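In: mind folding the following:
(one chain, ligands or ions: 1)
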Amino acid sequence: MIFFSLLFALLIGLAVGSFLNVLILRIPKGENIAFPASHCPRCGHNLKWYHNIPLLSWLALKGKCAFCRAPISSQYPLIELLTGLLYLTVALKTGLGASWFVTATLFALLLALSVIDFRYYAVPDSLNVSALVLALLLPLAKMADTALSGELESFAPYRDALIHTFADAAILAAAFWALGFGVKRMIGKEALGEADIIIAATMGALLGLPLALSAVYIAALLALLPALFAKGRMVPFVPFLALGTWIAWLFEPQITRWWSALYG
Ligand SMILES: [Zn+2]
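Out: This next block holds a predicted model:
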């Protein structure tokens, strides 16, 4: 049973990863994400359904277009594999259900945002705001899971969780806004953009306040090395915020124990 749940999670993740590739390819160019159908960028041939199977098609075609043999970037199967593992890992922690799907999809959006920021130095609002909405809705997804298992006794804890989620999102967004405003005044350059403020809100909503601060701390530490070696080149911050959020979410019990051992 566990095996089939995890296999299901992996397959859903692979399929979502395939769609993420479309988002990553088309949103920065302002293209429609539904039309036209997937095609080879060199010969323009439309792909058959069996050329679109996540991971397997790329392996079967040995990374080349079926029509003109043009190489297909290994970014495609890599994103699919990462997204598959993402949905599987989240399922290991939450079990299958509404909160699994909402959480995993939120992280999938953060993955897409990271790749787009890394490649194009852009953070599309459409994906960014979608991630925030999912984070804000998470208490309702948890309530749905409890209701479906027949254990829902009262709405009160979920209403309180919802209020907390919105408050934590607002507090972290305000902190980022204030920090960005201060730094801009001091050095006269944009340090934290609007996109970072929206991601901060997502982090606050998903993780709650003490843990979200740990995530920002982890992100800052991770960003330090590439920032030192970039020598004036811009270092995109979104991938590090996303990675910090993922690590903090995954290791929440350990991080909480670590802090309470330090200050408890
Ligand atoms: Zn081709």
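
In: point out where the stretch 1-150 of the chain drops to low pLDDT.
Out: 1 (pLDDT under 70).

In: quick one: the helices in it?
Out: Applying DSSP state H, counting those that start in this stretch to the stretch 1-150 of the chain gives helices spanning 2-26, 56-60, 75-94, 98-120, 125-148.

In: which bits of the protein sit near the ion?
Out: 40, 42-43, 65, 67-68, 70 (Cβ under 5 Å from the ion). Yep, even glycine has a C-beta here, placed from its N, CA and C like the rest.

In: what do you get if the cut-off is 8 Å, keeping everything else the same?
Out: 40-45, 65-70 (Cβ under 8 Å from the ion).

In: quick one: the residues you listed as TSV, columns for distance to residue 22 and neighbour count too.
Out: Below are the residues of the chain next to the ion laid out as TSV (distance: Cβ to Cβ, whole Å; neighbours: other Cβ atoms under 10 Å):
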residue	distance to residue 22	neighbour count
40	14	18
41	13	10
42	17	13
43	19	12
44	16	10
45	17	15
65	17	18
66	18	16
67	19	16
68	20	11
69	22	13
70	18	13
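
In: looking at the residues you listed, which is nearest residue 237?
Out: residue 41 (29.1 Å; Cβ to Cβ).

In: let me see the contact set for the closest one.
Out: residue 70 (Cβ atoms under 8 Å, 6 or more residues apart in numbering).

In: OK, contacts around residue 139?
Out: 158, 161-162, 165.

In: how's the protein carved up into domains?
Out: 1-96, 97-264 (automatic domain parsing).

In: ok, the nearest residue to residue 138 once chain neighbours are set aside - how many residues close by?
Out: Residue nearest to residue 138 in three dimensions, not counting chain neighbours: residue 102, with 5.6 Å by Cβ to Cβ, 6 or more residues apart in numbering. For residue 102, the number of neighbouring residues by other Cβ atoms under 10 Å comes to 22.
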